[in-house]
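In: no sequence on hand, only this structure:
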C-alpha cells in the first residue's frame, strides 16, 4: 500500500474582495488558532459539496461577518502550498449590500484603503491578491 503521509490536504476557498461605497476593502483577522491564526485576510471559506463559487462566497460572508454582498467579477485564481496544506483561492470582486459587519467567526474586521493595507499581516497566499488590487487601482488613477 502506498505511503499517504506526503499528500497535503488541499482546500478550495472562495474569497471575497468586498468594496464599500467609499472604495474601501473589508478585511478580517483570523481567529487566534491554527497555523495562520491572527493574520488578516480577505473573507471567505471552504466550498460545500455541489456549491458554486458565488454561493460559497455569499454563504461564507453571511456566516462569518453577517452581511449580504453581491458577487461580481472573477479577479484571480491562485494555487499556493504551505508546509502543511495546499489552497486554491478563487477570488471575486464583491459589493457590500446590507447588514452591519460583525466579527462572527473572526477576531476583528476592518475597512481599509489599498494604500494602508500593507500595515496588516496577511498569509503568504494573499500577496498576489493585494498586488493585483493595487495594480488595478494604479491603472485607474
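Out: Received it, and whenever you're ready, just let me know what you need. Here the structure is a predicted model, which is why all the values come from computation and not from measurement.
In: could you list the buried residues of the one helix or strand in the chain whose mean pLDDT sits lowest?
Out: Across the helices and strands of the chain, mean pLDDT, DSSP states H and E gives its lowest value to helix 127-140, namely a mean of 89. By neighbour count, and taking 16 or more other C-beta atoms under 10 Å as the criterion, the buried residues in helix 127-140 are 129, 130, 133. (Each C-beta comes from the backbone N, C-alpha and C, glycine too.)
In: same list (these) but as CSV, adding distance to residue 34.
Out: Shown next, in CSV, are those (distance: C-beta to C-beta, whole Å):
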residue, distance to residue 34
129, 20
130, 21
133, 25
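In: which element is residue 31 on?
Out: Following DSSP states H and E, there is no helix or strand that holds residue 31.
In: equivalent analysis for residue 61, please.
Out: Assigned by DSSP H and E, residue 61 belongs to helix 53-65.
In: likewise residue 93?
Out: Using DSSP H and E, residue 93 sits within strand 85-98.
In: hmm, who's touching that strand?
Out: 8-21, 26, 35, 42, 44, 53-54, 57, 61, 67-80, 125-126, 129 (C-beta atoms under 8 Å, 6 or more residues apart in numbering).
In: equivalent analysis for stretch 119-139, please.
Out: For stretch 119-139, the external contacting residues (C-beta under 8 Å, 6+ apart) are 15, 17, 25, 27, 36, 39-42, 75-76, 78, 80, 82, 87, 89, 91, 110, 112, 114, 117-118.
In: narrow those to just the buried residues.
Out: Buried subset of the contacts of stretch 119-139 (neighbour count, 16+ other C-beta under 10 Å): 15, 17, 25, 27, 36, 39-42, 75, 78, 87, 89, 91, 110, 114, 117.
In: just the ones in strands from these, please.
Out: 15, 17, 25, 27, 40, 41, 75, 78, 87, 89, 91, 110 (DSSP state E).
In: who are the contact partners of the third one?
Out: Contacts here follow C-beta under 8 Å, 6+ apart; on that basis residue 25 touches 17, 18, 19, 42, 111, 112, 113, 114, 117, 133.
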